[in-house]
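Enquirer: Structure of the sequence below:
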Amino acid sequence: MKKKFKIIGFTISLLFSNTTHAQDTIAAWYFPNSSADAVVDASLPINSSRWISCEKGSGFTVLPIYYTDNGADYPTISDDKCGKATGFHNGGDSAYWMVKFKTTGYQNIKVSSKQWSSMAPAVGPRDFKLQYKLSGGSVWTDLTTVTVGNDWTTGLISEYILPSVCENSSSNVSLRWLMSSNMDIMGGTVTDSTAETSIDDIVITGELITSVHSLTENNITNIYPNPSKGNITIELKDKIKNIQMFNLLGTCVYNNTTVKENILKIDELEKGVYLIKIISENESLEIQKLIVE
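Expert: Numbers count the residues shown, from 1 in each chain. The predicted structure follows:
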């Protein structure tokens, strides 16, 4: 049986470079003073209403998050803030930070984050682990451990690559930073309810999927010239059924469902980066990136 593939959400918030390995921001929490709150600070449109939460226990008790403390980029960025919470006492394997997002149209998903814990008057938690879960699942899967200190450099995750099952997901991918023991950053036990722990600069990025094949790699499309200043030629072993072009705002600027020839006139398009969606008569789908100069 032939598979039909549908990729939605072509809208992209940030321009990417000419390399096929450029990473776009899928969702990010920077907590700038101008909008230091739970809502995402940068994202693809599909994730524009996402938020960060802090929870504890099997009953998922919500822990309040405060956004008044200086963040990881202070004092370089004078108004930088972070997310801070208390209530992590005796929270081993039950207290965590969590975000959710979708990765539609993206692969090679990476996550970065920074964490900090208090030294006084109460000592904050030291041990965390990053976990993920897909929508509909009930089991959290461990990814990597994080050792937090009284600074923004010890508890660092830098572009950790998520498993391939997190790619091109039109359903939620959940990440959480779970407190994995009751140890504090001084080697004692976190028992004081006023102990503070903070998180900042959570950034999830991905690489735009520019080619998807539903049948065989022998069906690869060739588009030339690319970059182009005028007409382009599309070569596909199968006959083309439909061609669409999208700009980076997600607007369809070209749609041809009665393709008679494989030459596409683009001389009226503005300079920039476009996505070409090509469907063959056997329902295979490819998405290619085109640069118009």
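Enquirer: Quickly list the domain ranges of this protein.
Expert: Following automatic domain parsing, the chain resolves into domains at 23-208, 217-292.
Enquirer: quick check, distance from the first one to the centre of its chain.
Expert: Okay, so that is domain 23-208. 13 Å (Cα atoms, centre = their mean, to the nearest Å).
Enquirer: host element of the closest residue in space to L178 that isn't next to it in sequence?
Expert: Among residues not flanking L178 along the chain, Y96 sits closest, at 4.3 Å (Cβ to Cβ, 6 or more residues apart in numbering). Where C-beta positions appear, they are placed from N, C-alpha and C, glycine not excepted. Using DSSP states H and E, Y96 falls within strand 95-101.
Enquirer: mind listing what that strand pairs with, with the direction of each?
Expert: strand 52-56 (antiparallel), strand 173-179 (antiparallel) (DSSP bridges).
Enquirer: Highest mean neighbour count out of those strands?
Expert: Burial of the strands paired with strand 95-101 is given as mean neighbour count (mean count of other Cβ atoms under 10 Å); strand 173-179 ranks first at a mean of 23.
Enquirer: For S158, find the nearest of the strands paired with strand 95-101.
Expert: S158 lies closest, by Cβ to Cβ, to one member of those: strand 173-179, at 14.3 Å.
Enquirer: which residues of the stretch 51-200 of the chain fall in strands?
Expert: 52-56, 61-62, 83-85, 95-101, 106-117, 127-134, 141-147, 155-161, 173-179, 197-208 (DSSP state E, counting those that start in this stretch).
Enquirer: With mean pLDDT and distance to A22 as extra columns, can I get those in a markdown table?
Expert: Below are these laid out as a markdown table (pLDDT from 0 to 100; distance: least, Cβ to Cβ, whole Å):
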| stretch | mean pLDDT | distance to A22 |
| --- | --- | --- |
| strand 52-56 | 97 | 26 |
| strand 61-62 | 94 | 37 |
| strand 83-85 | 98 | 28 |
| strand 95-101 | 98 | 19 |
| strand 106-117 | 96 | 10 |
| strand 127-134 | 98 | 23 |
| strand 141-147 | 98 | 23 |
| strand 155-161 | 97 | 13 |
| strand 173-179 | 98 | 20 |
| strand 197-208 | 96 | 7 |
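Enquirer: got these as JSON lines, with distance to N226 columns?
Expert: Formatted as JSON lines, the strands of the stretch 51-200 of the chain follow (distance: least, Cβ to Cβ, whole Å):
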{"stretch": "strand 52-56", "distance to N226": "39"}
{"stretch": "strand 61-62", "distance to N226": "50"}
{"stretch": "strand 83-85", "distance to N226": "43"}
{"stretch": "strand 95-101", "distance to N226": "31"}
{"stretch": "strand 106-117", "distance to N226": "20"}
{"stretch": "strand 127-134", "distance to N226": "35"}
{"stretch": "strand 141-147", "distance to N226": "37"}
{"stretch": "strand 155-161", "distance to N226": "28"}
{"stretch": "strand 173-179", "distance to N226": "32"}
{"stretch": "strand 197-208", "distance to N226": "15"}
